[in-house]
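1. sequence and computational prediction follow.
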Amino acid sequence: MSSVMQPAPPTGSAAETPPTASRAARRGAKLPLWVGIGWIAGLALVALLADVLPIAGYDEVVGAPMQGPQLTGEPLGTDAIGRSVLSRIVYGARASMAVGLTAAVLGLVVGGFLGLLAGYFRGVVEATIDILAEVVQAFPPLLFLIALAAALRPSLASLTLALAALIIPSFARMTKGSVVAQSSREFVLAARAMGASHWRIMFREILPNALMSIVAFSVVVMALLIVIEGSLSFLGFGMPMPYPSWGGMVAEAKDRIASHPSLTFIPAFFLFMTVYALNTVGDHLRRRFDVEQSQL
Amino acid sequence: MNPTTTTDPRPGPEQAAGPDRPPPLLHVDDLRCHLPTRRGLLRAVDGVTLTLERGQTLGIAGESGSGKSMLVRTIMGIAPRAARVSGEVRFDGVDLRRLPAREARRYLGRHIAMVFQDPSSALNPVVRIERHLTEGPRHHLGLSRAAAREKAVQLLEQVGIPEPRKRLRQYPHQLSGGMRQRVTIAMALACDPALLIADESTTALDVTVQKQILDLLQRIQRDRDMAVIMVSHDLGVLAGRTDRIAVMYGGQVVEEAPTPTLFAHHRHRYTAALLEAIPDTARPRHSALHTIPGAPPDPVALGPGCRFAPRCAAALPRCSTDVPHLEPAGDDGHRYACFAPTGLRERP
């Protein structure tokens, strides 16, 4: 599972069309990117507006159980208890994305700060942060989270904090690499020659140059967190009871996959598309803002 | 040689301001900068003593690896963190090396400023020109944003950049190389420093732009009565634009003289070789260019004796065993360190 904690290297996909390709080919190569952006935007919008949309609550029984998608009535069908699949998808999206986003932001702020310190000061500071990061990353993440869920009463907060804690070392390492690369550039030396303090150099010279790589990285991290959260919920250790979750929906429906496949495949499809979209957009950002390749 | 065991940063007795003599603007005493590396101790700067008065221009010449860039960075206090530095750097009587870091930083950018070699990398690519120019005055001089912006416009005009207000809003990549270098010069001048250090500041430019930049520096120096240290491997750049030149080799100063004296009456064999290496259009066509055989010494594995001896055509047996020290020649401040100088017979 530790391999899951390191986001996969960029897939050599869409944006690799040669400059001599036709304009249509280049536009076609950008299609996955637009699909990804559209999906994320649409999902975020729907998740934000969930309460005002004309859909049932995620716990309401709206009709007969186990009905497939219908043209009139529930568009995505009902689950084993008769709840609206559509509502549970929408509210599940909201829950997953909220947890994923919050944990990613927390990881970025804490991990990014630690990486900045390690990359700028080097020496003892770097060694200490490196060792701490390795220790945390050596933990099998799912086992750690399951143990945590078993030990404490699971809540949204504890889940978010645990995910953030797991992802901080990745952010720290990534930021450190970027900061080390920026620190050797001559404008940093020039800033020192103008009498800038360490903090000023870190936050006003180095960080702005490293920022885009960090942001691109965090989009991919969000995809990772959504997968982890989905796996956890599938196992029953993720989202606490009232909140719906795509992983949980798959778990509930998996025994009836032969008779009512839509109940399993609909949440799985949403999971797949969301992770695909985040990965594609994150990859594109990473490629665009990779300092070594760009002329910045 | 004055003992350097004092821990008091205030002026020593020989540099104290007295009724007869104010302290020199810059006095570097036995400065050494050693970097521990895996292969051994790298003696980048190994015992340099220099003095510079207000309004003077000092040129520092030498090959790549002679330690000239490291010297000026050590003077400014921005040598690599792992470096072991010893010696004194007295600016206006105050030993910068003995000051606590925060105090020393008040001098950097304010009284001593540096122009770097490659303008493309010396400017932060995500920062607009305006902020590059206003950061110094706002921090060191406490100017408001509006006042600093006006000052930035004036600076750009002084360095000869047209449409200064438009340039302020632009990013470095929108300017040409020559303009970027002018911006770095403007940055260095922003707080009216008493000493400007130009570290190979024209090497990255083409020849026509080079001349413009050097003329600009000379004009500014005259207008502001500023002291300048000009570091270059190109003696042609230093000729006619400096009052004195110090030639560096292997981390040490091997000869120092007023500029006319250096070109006409140089003594050290390395200086002679450098001058001979300059292509001379008066020579017949297709004559071979004079080069200095060999390569600069490895700063980690310096041999005994004179560091130039392995490459010196006139080396005596003594040159490989004894270390020559800087001795005066004449009374105009000319010093050199050579057992077999040109133009004289061997010294006893």
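-> Structure received.
2. please enumerate residues in contact with the helix or strand containing B:Val237?
-> B:Val237 is part of helix B:235-238, with elements assigned from DSSP states H and E. Under the contact criterion Cβ atoms under 8 Å, 6 or more residues apart in numbering or on different chains, helix B:235-238 has outside partners B:59, B:61, B:202, B:210, B:214, B:230, B:232, B:245, B:259, B:274-275, B:278. Every residue, glycine included, has its C-beta placed from N, CA and C.
3. at 10 Å instead, please
-> Residues from elsewhere that reach helix B:235-238, judged by Cβ atoms under 10 Å, 6 or more residues apart in numbering or on different chains: B:57-62, B:198, B:200-203, B:210-211, B:214, B:230-232, B:242, B:244-245, B:247, B:259, B:262-263, B:271, B:274-275, B:277-279.
4. check contacts around B:Arg106.
-> Under the contact definition (Cβ under 10 Å, 6+ apart), the residues listed for B:Arg106 are A:195, B:99, B:139-140.
5. repeat that for A:Ala193.
-> Here A:Ala193 is in contact with A:186, B:72-73, B:76-78, B:108-109, B:112-116, B:122, B:187-188, B:197, B:199 (criterion: Cβ under 10 Å, 6+ apart).
6. which SS class is B:Gly65?
-> Under the three-state scheme (DSSP: H, G, I helix; E, B strand; the rest coil), B:Gly65 adopts coil.
7. now do the phi/psi pair for it.
-> Phi and psi for B:Gly65, reported as degrees, to the nearest 10, are phi 90, psi 0.
8. neighbours of the residue nearest to B:Arg182 when sequence neighbours are not counted, how many?
-> Excluding its sequence neighbours, the residue lying closest to B:Arg182 (Cβ to Cβ, 6 or more residues apart in numbering or on different chains) is B:Val159, at 4.2 Å. For B:Val159, the tally of surrounding residues (other Cβ atoms under 10 Å in any protein chain shown) stands at 21.
9. just the pLDDT for B:Val159.
-> For B:Val159, the pLDDT comes out at 88.
10. re earlier: kindly export the helix holding B:Val237 (C-alpha atoms) in CSV.
-> Included here for helix B:235-238 are C-alpha records, laid out as CSV according to Å, rounded to 0.1, in the frame of the first residue of the first chain:
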residue,chain,number,x,y,z
LEU,B,235,42.1,43.1,-18.5
GLY,B,236,40.7,45.1,-21.4
VAL,B,237,37.6,45.8,-19.4
LEU,B,238,39.7,47.1,-16.5
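11. what mean pLDDT does that helix have?
-> Over the span of helix B:235-238, the pLDDT mean works out to 86.
12. ok, then the element right after it?
-> Following the chain from helix B:235-238 toward its C-terminal end, the next helix or strand by DSSP H and E is strand B:244-249.
13. roughly how far is that following strand from the heart of the chain?
-> Distance of strand B:244-249 from the chain centroid (Cα atoms, centre = their mean, to the nearest Å) equals 9 Å.
14. so how do I select the buried members of the contacts of helix B:235-238 in PyMOL?
-> Filtering those down to the buried ones (16 or more other Cβ atoms under 10 Å in any protein chain shown) takes a single PyMOL command:
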select buried, chain B and resi 57+58+59+60+61+62+198+200+201+202+210+214+230+231+232+242+244+245+247+259+262+263+271+274+275
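15. quick one, what contacts the residue nearest to B:Arg182?
-> Contacts here follow Cβ under 10 Å, 6+ apart; on that basis B:Val159 touches B:179, B:181-187, B:189, B:213, B:216-217, B:220.
16. can you rerun that using 8 Å?
-> With contacts defined as Cβ under 8 Å, 6+ apart, the neighbours of B:Val159 are B:182-183, B:185-186, B:189, B:216, B:220.
17. what does A:Pro267 give?
-> Shown in contact with A:Pro267 (Cβ under 8 Å, 6+ apart): A:89, A:92, A:246-247, A:249-250, A:253.
18. report the closest residue of the stretch 201-348 of chain B relative to chain A.
-> Nearest to chain A, among the residues of the stretch 201-348 of chain B, is B:Ala204, at 10.9 Å (Cβ to the nearest Cβ).
19. burial count for that residue?
-> Applying other Cβ under 10 Å, we find 18 other residues in the vicinity of B:Ala204.
20. cool, and A:Glu252?
-> Residue neighbour count, defined by other Cβ under 10 Å, stands at 18 for A:Glu252.
21. circling back to that earlier point, looking at the contacts of A:Pro267, which one is closest to A:Pro154?
-> A:Gly247 (13.5 Å; Cβ to Cβ).
22. helix or strand for the closest one, just tell me which one.
-> For A:Gly247, the element it lies in under DSSP H and E is helix A:246-253.
23. quick one: average confidence on that helix?
-> If you average the pLDDT over helix A:246-253, you get 88.
24. could you find the closest non-adjacent residue to residue 110?
-> Answering for chain A, as no chain was given. In space, A:Val110 comes closest to A:Ile168 once its chain neighbours are excluded; the distance is 5.3 Å by Cβ to Cβ, 6+ apart.
25. can you look at chain B instead?
-> B:His140 (4.2 Å).
26. isn't B:Arg318 right up against B:Ala309?
-> No - in terms of Cβ atoms under 8 Å, B:Arg318 does not count as a neighbour of B:Ala309; the distance is 9.3 Å.
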